[in-house]
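Participant: this is a predicted model, with the sequence first.
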Amino acid sequence: MGKEITFIVNDHPKTYAVGEGINWFIQFPGESSEVNLRLDRVLKFLFVWTCVLGVASAQTNAPVRVILFGDGTAAGFPREAAPDADRFEIVIQKLLAADTNLPPVEVINKAVGGDSVRALLAALPSRYSPDTASDFVFLRLGLKDFTEYWSKPAGTFESEFPKVYHEFLVRLRTDYPNAVITLETMIPFWDATTDKKVNDVLRAVAAAEGIPLLDTHARFVREIGLPNPHPLTMRCRELASIPANLRPLIPKNCLVDTGVYVIDNSLDAHFREVPGWFDDQHPNLAGYHVIADEIARYLAPWIRENAATRPSAQGASPIRVLLLGDSTVAGFPRQAAPDADRLETIIEKLLATETNLPPVEVINKGLGGDTVRDLLSARYDKDVASIPAGQIDFIFVRYGINDRSHFPQTFTNEFPTN
């Protein structure tokens, strides 16, 4: 059952009905020193306000407009690092769009890496023009500001930063007269003591200015503290098992046939409650790097000691390594990470870092779903016997998973003989 909460912003109290099951921390200055709401997903804080603003925006068919200002933690990672990944602002839009009771929301990210309040204040004329149509402004600043005061006497940050922030907020209130301006705490960045020092100042600024504070730091700390027993495995589920309203969060490259293949933990915050989300045990990209590192560590001393005497050395050919096995060798669907190095390439690159080793070529003949029996009956002549004698120096064989699952009754007796 829902409850009513009064928000006091700029001395104007407003009461709204808020549903249960919300899971974040928001502090509102006013008669009550702190209101702690439990919010389930990022920016659920916007839910109440967008419901209120939705009536006005619906009359003009304009979306609720959200502006983000901040440093590199708000601007996001370099686009080249993940060109197909949703940016921070798009993730927020998709999360809010999952709630069909909300009006459309447009999020505009104006954050710039390295920004401080002082730098942003100086750059305002060239960074944006006054905007009466925006409904929210979020400010995640303070990280870079703190570094600007490192060389100053103790206490300078605490005394001077609020003054600069006040000047900035005066300007924002003028340029964004209809927007709810919200400060955010700094996410974990340095040690806990330093982070607390910066965030305590930000809380004091919010209280003194009479504006809401969104405690992003608290959510980040909670996520970091969650048990993560699956750092090296894929998230692989049937698309039908994912709630329909959250499917737009899944990158297109992760949709393969009727399945979802995610090679990192990027969607755990949204899907960790989906039954079976962590069940798949195929290696993800990090897992393949671990496997490749182990193989390279095993190979390097053998190659170093025997390179000159191996049969293929006479033709000055590279050392050749053949990989046989199931999908834990073959790798994840290429479309899930088209630019990522495959297992064989990682091994080659690791061995190439040792300049005293000859060139190494790794040939991957792994096949998803394969068993030893399958290899013998269907692929051995083509993938193994067809290679001329003396042209393969090492063969790695990884079987057993599918053999055990396909032949549970006879596995113990027949697998060793196969």
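Facilitator: Yep, it's here.
Participant: could you pull out the strands for the stretch 1-150 of the chain?
Facilitator: Under the criterion DSSP state E, counting those that start in this stretch, the stretch 1-150 of the chain contains strands at 3-9, 12-18, 26-27, 64-70, 105-109, 136-140.
Participant: for the stretch 1-150 of the chain, just list every one of the helices.
Facilitator: 45-60, 72-75, 88-97, 117-127, 143-148 (DSSP state H, counting those that start in this stretch).
Participant: how far is the last one from where the chain is centred?
Facilitator: So that's helix 143-148. 25 Å (Cα atoms, centre = their mean, to the nearest Å).
Participant: report all helices and strands that the next helix or strand along the chain from it contacts.
Facilitator: Counting by DSSP states H and E, the next helix or strand C-terminal to helix 143-148 is helix 156-175. Under the contact definition 3 or more Cβ pairs under 8 Å, 6 or more residues apart in numbering; DSSP states H and E, helix 156-175 sits against helix 117-127, helix 143-148, strand 180-184, helix 192-209. Every residue, glycine included, has its C-beta placed from N, CA and C.
Participant: list the contacts of the first one.
Facilitator: Which is helix 117-127. By Cβ atoms under 8 Å, 6 or more residues apart in numbering, the residues outside helix 117-127 that reach it are 69, 110, 112, 141-142, 144-145, 148, 161, 164-165, 167-168, 171, 175.
Participant: and what of the longest one?
Facilitator: Outside helix 192-209, the residues that touch it by Cβ under 8 Å, 6+ apart are 27, 29, 142-143, 146, 157-158, 161-162, 165-166, 169, 183-186, 188-189, 212-213, 217.
Participant: which of the residues in that helix are buried?
Facilitator: 195, 198-199, 201-203, 205-207, 209 (16 or more other Cβ atoms under 10 Å).
Participant: list the contacts for the spatially most central residue of the chain?
Facilitator: The chain has Ser266 as the residue nearest its centroid, 3.4 Å off, counting by Cα atoms, centre = their mean. Ser266 sits next to Ala85 when contact means Cβ under 8 Å, 6+ apart.
Participant: what's the pLDDT at Lys196?
Facilitator: On the pLDDT scale, Lys196 is placed at 96.
Participant: quick one: it from Thr182, how far?
Facilitator: 20 Å (Cβ to Cβ, to the nearest Å).
Participant: can you check Gln409 too?
Facilitator: When distance is defined by Cβ to Cβ, Gln409 is 62 Å away from Thr182.
Participant: pick out whichever of the two has more residues nearby.
Facilitator: A direct count of neighbours by other Cβ atoms under 10 Å for Gln409 and Thr182 places Thr182 higher, at 22 against 7.
Participant: how about the helices and strands packed on helix 156-175 in TSV, adding distance to Thr328?
Facilitator: Below are the helices and strands packed on helix 156-175 laid out as TSV (distance: least, Cβ to Cβ, whole Å):
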stretch	distance to Thr328
helix 117-127	49
helix 143-148	40
strand 180-184	41
helix 192-209	39
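Participant: Leu95 is nearest to which of the ones you listed?
Facilitator: When the helices and strands packed on helix 156-175 are compared by Cβ to Cβ, strand 180-184 sits nearest Leu95, at 16.3 Å.
Participant: so which other helices or strands are in contact with that closest one?
Facilitator: With contacts taken as 3+ Cβ pairs under 8 Å, 6+ apart, strand 180-184 sits against strand 136-140, helix 156-175, helix 192-209, strand 213-214.
Participant: okay if I get these as TSV plus distance to Tyr128?
Facilitator: Shown next, in TSV, are the helices and strands packed on strand 180-184 (distance: least, Cβ to Cβ, whole Å):
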stretch	distance to Tyr128
strand 136-140	10
helix 156-175	7
helix 192-209	20
strand 213-214	21
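Participant: among these, which is nearest Pro227?
Facilitator: Pro227 sits nearest to helix 192-209 of all the helices and strands packed on strand 180-184, at 19.9 Å, using Cβ to Cβ.
Participant: and the angle from the closest one to helix 156-175?
Facilitator: With axes from the mean of the first three to the mean of the last three Cα atoms, to 10 degrees defining the directions, helix 192-209 sits at 40 degrees from helix 156-175.
Participant: for this structure, which spans come out with low pLDDT?
Facilitator: For the chain, the stretches with pLDDT under 70 are 1-61, 307-308, 310-316, 418.
Participant: can you list contacts of the strand or helix carrying Asn306?
Facilitator: Assigned by DSSP H and E, Asn306 belongs to helix 285-306. Identification of contacts with helix 285-306 by Cβ under 8 Å, 6+ apart yields 231-234, 263-264, 283, 319, 321, 328, 331-332, 337, 340, 342-343, 346-347, 350-351, 354, 356-358, 360, 394, 396.
Participant: do stretch 392-402 as well
Facilitator: Contacts of stretch 392-402 (Cβ under 8 Å, 6+ apart): 295, 299, 302, 310-312, 319-326, 328-329, 363, 366, 369-372, 374-375, 384, 415.
Participant: just the buried ones among those residues, please.
Facilitator: For the contacts of stretch 392-402, buried by 16+ other Cβ under 10 Å: 295, 299, 310, 312, 319-326, 328-329, 366, 370-372, 374-375, 415.
Participant: what would the buried residues of helix 192-209 look like in TSV with distance to Leu124?
Facilitator: Listed next are those as TSV, based on distance: Cβ to Cβ, whole Å:
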residue	distance to Leu124
Asp195	27
Val198	23
Asn199	25
Val201	22
Leu202	20
Arg203	25
Val205	18
Ala206	21
Ala207	24
Glu209	18
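Participant: what are the ranges of the helices in the stretch 251-400 of the chain?
Facilitator: Using DSSP H, counting those that start in this stretch, helices in the stretch 251-400 of the chain cover 268-271, 285-306, 327-330, 343-352, 372-374, 380.
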